[in-house]
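Asker: pasting the structure only:
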């Protein structure tokens with residue numbers, strides 16, 4: 001009987017060493033709280049639930065403690081594990097182009113086609129990327145790391161993941177979580193800046209109704225857009241090529257099944273895999289570093305710079321535009337490519353001051369221009385820094 005008790009005691013002791021309770025650290029508990037906070041924001045506040053729930057739950061998965069010496073082969077950084085194989089879609093950079101394919105199939109470029117000068121608003125907002133790049137360099141990050149961090153200012157999660165996988169793989173978890181976090185917080189970050197930088201008269205400004213765009217224009221746009229942007233920045237081809245291809249599937253009118261697949265089951269599947277694996281990559285030992293804290297700070301700053309740049313550019317642009325063609329500065333924030341959330345913020349803030357002034361149709365112009373702009377900016381950084 002004594003031997004049996006000893007046997008049982010030894011086995012239970014061995015079992016205990018495999019449990020998460022025995023291997024938990026303060027870092028694991030902190031990251032689990034972060035994951036729960038993401039899920040709370042998604043469920044209670046409805047901040048980007050399609051992104052924050054997969055990422056938040058992925059953070060929980062990635063921070064379940066286990067004995068790394070036991071050879072369980074379950075961690076995301078253990079070669080050959082299931083999570084590691086799924087994570088290769090992030091590290092190899094093929095999830096983001098597939099996301100862009102779906103975005104292209106969902107996007108209507110009519111607002112931009114009908115008012116091409118809105119492209120400049122989207123371009124101006126990309127100063128958040130290059131402003132953050134210069135600041136990251138100034139505080140000591142290497143050029144490739146600074147480029148990967150700076151892309152957070154484009155408010156485009158897939159682009160941030162794509163670029164960081166190429167330029168700074170060791171920082172990809174922090175960059176991805178930062179980018180998606182601030183995308184979810186667009187309704188919190190942008191409105192105060194928009195109100196601060198505009199007058200009541202500017203907020204009440206009405207814009208002419210956009211002209212109707214023909215089917216031919218919609219079909220030509222993705223073809224011309226691909227040729228112009230990718231001849232200028234060939235390194236942006238994986239993202240821009242898939243974006244414009246997805247849009248052609250939508251606008252051609254003859255590939256509806258393909259377009260429905262791209263903007264439905266395909267993008268939903270990739271979003272799930274991307275969110276969960278990015279979340280799981282935030283293991284406490286890899287994520288809780290001084291660099292991660294700096295990245296989150298730079299991410300917030302880049303969003304502020306991008307929003308400020310977009311709004312101020314519109315105000316300056318209006319000085320040279322005819323009075324009947326002037327742009328409401330409230331749509332300047334939509335130059336960041338958080339589609340369609342930043343455009344909705346333009347609408348929401350505008351309606352606060354005039355319940356009959358609908359800005360959404362106008363804000364979608366710089367918003368989709370921002371998607372193109374952030375991909376072009378990523379291509380420029382990749383071309384110079386690789």
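Answerer: Cool, the structure landed. Every value quoted in this text rests on a predicted model; they were computed, and no experiment measured them.
Asker: How far off centre is stretch 182-202?
Answerer: Its chain's C-alpha centre and that of stretch 182-202 lie 19 Å apart, by C-alpha atoms, centre = their mean, to the nearest Å.
Asker: quick one: average pLDDT of stretch 308-319?
Answerer: The pLDDT scores in stretch 308-319 average 95.
Asker: cool, and stretch 12-19?
Answerer: Here the average pLDDT along stretch 12-19 is 78.
Asker: Output the contacting helices and strands for the helix or strand harbouring residue 275.
Answerer: Here residue 275 sits within helix 267-280, counting by DSSP states H and E. Helix 267-280 is packed against helix 49-62, helix 82-91, helix 95-106, helix 157-167, helix 172-184, with contacts defined by 3 or more C-beta pairs under 8 Å, 6 or more residues apart in numbering; DSSP states H and E. (Each C-beta comes from the backbone N, C-alpha and C, glycine too.)
Asker: Compare the mean pLDDT across those and name the weakest.
Answerer: Across the helices and strands packed on helix 267-280, helix 172-184 has the smallest mean pLDDT, namely a mean of 86.
Asker: which element follows that helix toward the C-terminus?
Answerer: Following helix 172-184 in sequence, per DSSP H and E, is helix 186-197.
Asker: Whichever helix or strand comes after that following helix: how far from the chain's middle?
Answerer: Where DSSP H and E defines the elements, the next helix or strand beyond helix 186-197 is helix 200-203. Centroid displacement of helix 200-203 relative to its chain, using C-alpha atoms, centre = their mean, is 30 Å.
Asker: quick one: buried residues of helix 200-203?
Answerer: 202-203 (16 or more other C-beta atoms under 10 Å).
Asker: related to what we said a few turns ago, mind listing what's buried along the helix holding residue 275?
Answerer: In helix 267-280, counting by 16+ other C-beta under 10 Å, buried: 267, 270-271, 273-280.
Asker: Which helix or strand contains the residue nearest to residue 122 when sequence neighbours are not counted?
Answerer: Sequence neighbours aside, residue 369 is the residue nearest to residue 122 in space, at 2.6 Å (criterion: C-beta to C-beta, 6 or more residues apart in numbering). Using DSSP H and E, residue 369 falls within helix 360-385.
Asker: Buried residues, that helix. List them.
Answerer: Buried-residue list, helix 360-385, by 16+ other C-beta under 10 Å: 360-382, 385.
Asker: what do you get for stretch 57-77?
Answerer: 57-63, 65-66, 75-76.
Asker: Between the buried residues of helix 267-280, which sits nearest residue 114?
Answerer: Using C-beta to C-beta, residue 267 is the member of the buried residues of helix 267-280 that lies nearest residue 114, at 26.0 Å.
Asker: do you know how far the residue nearest the centre of the chain is from residue 338?
Answerer: Per C-alpha atoms, centre = their mean, the C-alpha nearest to the average position across the chain is that of residue 157, at 2.0 Å. Note on residue 157: its distance to residue 338, by C-beta to C-beta, to the nearest Å, is 9 Å.
Asker: Quickly list what's touching both of these two.
Answerer: Residues within reach of residue 157 and of residue 338 at once, by C-beta atoms under 8 Å, 6 or more residues apart in numbering, are residue 183.
Asker: What is the burial count for the spatially closest residue to residue 341 that is not a sequence neighbour?
Answerer: Distances taken as C-beta to C-beta, 6+ apart place residue 186 nearest to residue 341, at 4.8 Å, with adjacent residues excluded. If you count neighbours by other C-beta atoms under 10 Å, residue 186 ends up with 21.
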